[in-house]
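> build me a model:
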Amino acid sequence: MQFLIFTCSLVFIYFNYLVIKDDLFKANSKTVTLNNRFIRLINIVKFAPVIAFIILLVLVLFFFHTKSGIRLSHAWFISQFWAYATLFYFFYKMIKNKLSLIFAALSIIIAIYNTPLFHYEHLFVGRSVILTDFFAILMFISMWFTISKITMRLQH
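Numbering: from 1, shown residues only. Next up is the predicted model:
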């Protein structure tokens, strides 16, 4: 199951790369109507994983003193999947690509399955926790770059 989740992470990162290429992301007539509403949403999604991580960091420092490393890793990794679900739904609304809707559903399923801490602990133990942090950082960088490119294209 770990490898399936890691593979999905890599597929999501690659799909982000495809979206920012000019052949998949074409300016269409929907761009004008989606500008106001979705630009705000996509900019919130850009910062959401960092905000979630900071909030949990504060909670771990002051209230949850046990399993702090696994809790922080869990928050960082799972928040990426929630953010990607929103990002892929945005892609679906923008370019009407059915694959992005499938990826949004897959991201939601992965996030819901791993949201309980005991599922995450059972699935990722030992060194695989470090690997989840690495994949989460890759996902975050890819998402940040994609959102920055898209907002720059939509605002100009």
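> how about residues contacting stretch 111-126?
Applying CB atoms under 8 Å, 6 or more residues apart in numbering, the contact partners of stretch 111-126 are 1-2, 5, 67, 70-71, 73-74, 77-78, 81-82, 85, 131-132. Yep, even glycine has a C-beta here, placed from its N, CA and C like the rest.
> the same query, at a cut-off of 6 Å, please.
Here stretch 111-126 makes contact (CB atoms under 6 Å, 6 or more residues apart in numbering) with M1, H74, I78, F81, W82, T132.
> isn't T146 right up against N16?
Yes. Using CB atoms under 6 Å, T146 is in contact with N16, at 4.3 Å.
> measure S100 to K149 for me?
Spatial separation of S100 from K149 under the definition CB to CB, to the nearest Å is 16 Å.
> ugh, wrong one, I meant S9
When S9 is compared with K149 (using CB to CB), they lie 20 Å apart.
> who has more neighbours, these two?
S9 (23 against 15; other CB atoms under 10 Å).
> and the pLDDT for the more buried one?
We note a pLDDT of 88 for S9 in this prediction.
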